[in-house]
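Participant: Need a 3D model of the following:
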Amino acid sequence: MSSSESRATDIPTKDAKQALAEDGFDDCMSCRVTGSAAFVGLGVYSYYTGMSNLRKQEKAIMAGPTKYKMGSRQLGIATISATLVGMGLWRAFN
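Facilitator: Next up, the predicted model:
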């Protein structure tokens with residue numbers, strides 16, 4: 001390796017950190033809309049199908065030996081769905 005090549009790869013750490021800090025990344029509007037719609041749609045879909053499946057399986061769940069009955073399962077589905085919708089809103093505005 002020549003001396004000019006070695007100097008090109010020896011970037012001081014401070015300069016690299018400063019360059020990364022100054023490098024702002026901004027998405028296009030269609031990327032934001034598509035990404036946020038995907039997350040919100042997935043959240044709504046997971047809530048709808050999850051609650052639907054719980055209603056269909058309620059008798060089997062209540063008769064089962066597990067301590068996680070309907071309330072905790074509904075809370076889990078609602079939490080996952082709300083998280084996905086929240087991610088979609090965050091994606092839209094940040």
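Participant: the helices in the chain, which residues?
Facilitator: With DSSP state H applied, the chain shows helices at 3-9, 13-22, 29-56, 58-63, 70-93, listed in chain order.
Participant: mean pLDDT for the ones you listed: which is lowest?
Facilitator: Comparing these by mean pLDDT, the weakest confidence falls on helix 3-9, with a mean of 58.
Participant: Would you convert the helices of the chain into a markdown table that also reports mean neighbour count?
Facilitator: The C-beta positions use only the backbone N, C-alpha and C, and glycine is treated the same way. Supplementary listing: these in a markdown table, determined by neighbours: other CB atoms under 10 Å:
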| stretch | mean neighbour count |
| --- | --- |
| helix 3-9 | 8 |
| helix 13-22 | 9 |
| helix 29-56 | 14 |
| helix 58-63 | 10 |
| helix 70-93 | 14 |
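Participant: Show me what stretch 55-71 is in contact with.
Facilitator: 54, 73 (CB atoms under 8 Å, 6 or more residues apart in numbering).
Participant: now do stretch 16-31
Facilitator: Gly35.
Participant: what do you get for stretch 76-86?
Facilitator: When contacts are defined by CB under 8 Å, 6+ apart, stretch 76-86 is touched by residues 39-40, 42-44, 46-47, 50-51, 54.
Participant: And that stretch, how far out from the chain middle?
Facilitator: Between the mean C-alpha location of stretch 76-86 and the chain-wide mean there is a distance of 11 Å, by CA atoms, centre = their mean, to the nearest Å.
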